[in-house]
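Colleague: Sequence plus the predicted model coming up.
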Amino acid sequence: MNWQTVLTELAQNVDDMNDEALLGLVNQSERIFLAGAGRSGLALKSFAMRLTQLGKQAFVVGETTIPAITASDLLVIASSSGETTQLVQFAATASEVGATIWLWSTGTDSTIARQSQFVTLLAGKSKFADADTTTKQPMGSLFEQSVWLFGDIFTMDYMQRYQITESFMKARHSNLE
Ligand SMILES: O=C([C@H](O)CO)[C@H](O)[C@H](O)COP(=O)(O)O
């Protein structure tokens, strides 16, 4: 029963959100930084891994080996609320240096959204929102699931758009597992 509820809720995500501009944005960005807190960050990490396998330089914010972000870099932020304190600070720093920000969120009325050049809206509600009709799941669960799925679907679209094969990606998979 709850399986069906979750799958139905995930269908709120439209299937035509990977437009050419976003595919081009990632293609043109040599270095991509990814930031998310809590469960949103865990889901976004799965996309960071795929970006590496697609041939990009991907850095998860918070890892000690991360370089400084610069004007030519892309910062992807996943945040249901767009208001999580440390992510607001990351967006401010990225803006100061002139980096491009691509936010994945549930709305456009947030501090981070206002600093972002690109915003992708995913199904779910902000973790700060009260229970509503958007989802029966607690807090940001639907959004966090959507982050994982959007990353996977974007990966498939990117493979098709730039003719990247699975063997190309497998060759870039970690061999220290
Ligand atoms: O871990 C989370 C929490 O359990 C809500 O479901 C959130 O992902 C984390 O707090 C980050 O929040 P957002 O930045 O609003 O996604």
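Modeller: Yep, it's here. For clarity, every value in this text was computed on a predicted model and none was experimentally measured.
Colleague: Return the longest helix in the chain, judged by number of residues.
Modeller: Using DSSP state H, we find that the single longest helix of the chain is helix 141-161.
Colleague: quick one: average confidence on the helix or strand following it?
Modeller: The C-terminal neighbour of helix 141-161 among helices and strands, as given by DSSP states H and E, is helix 166-171. Per-region confidence: helix 166-171 scores 96 on mean pLDDT.
Colleague: Quick check: buried residues in helix 166-171?
Modeller: For helix 166-171, the buried set under the neighbour-count rule, 16 or more other C-beta atoms under 10 Å, comprises residue 169. The way it works is simple: take the backbone N, C-alpha and C, and place the C-beta from them, glycine included.
Colleague: Next: stretch 116-128.
Modeller: So, applying 16+ other C-beta under 10 Å, buried residues of stretch 116-128: 116, 119, 120, 121, 122, 123, 124, 125, 126, 127.
Colleague: Repeat that for stretch 94-105.
Modeller: Neighbour count says stretch 94-105 has 94, 95, 99, 100, 101, 102, 103, 104, 105 buried, by 16+ other C-beta under 10 Å.
Colleague: Likewise for stretch 22-40?
Modeller: 22-23, 25-26, 29, 31-37, 39-40.
Colleague: quick one, phi/psi of the residue in the chain that the ligand sits nearest to?
Modeller: Going by C-beta to the nearest ligand atom, the ligand is nearest to residue 38 of the chain, at 2.3 Å. When quoted as degrees, to the nearest 10, the phi and psi of residue 38 stand at phi 50, psi -140.
Colleague: pLDDT value on it, please?
Modeller: pLDDT at residue 38 comes out at 98.
Colleague: dump the residue contacts of the nearest residue to residue 102 once chain neighbours are set aside.
Modeller: Leaving aside its sequence neighbours, residue 102 sits nearest to residue 118 (C-beta to C-beta, 6 or more residues apart in numbering; 4.1 Å). Going by C-beta atoms under 8 Å, 6 or more residues apart in numbering, residue 118 touches 21, 22, 25, 100, 101, 102, 103.
Colleague: Could you rerun that using 7 Å?
Modeller: By C-beta atoms under 7 Å, 6 or more residues apart in numbering, the contact list for residue 118 reads 22, 25, 102.
Colleague: Wait, a strand at the last one?
Modeller: Yes - counting by DSSP: H, G, I helix; E, B strand; the rest coil, residue 102 is located in a strand.
Colleague: Just to check, it is in contact with residue 74?
Modeller: Yes - Residue 102 is in contact with residue 74 according to C-beta atoms under 7 Å; the separation is 6.3 Å.
Colleague: and for the two, which residues touch both?
Modeller: Between them, residue 102 and residue 74 share the contacting residues residue 25, judged by C-beta under 7 Å, 6+ apart.
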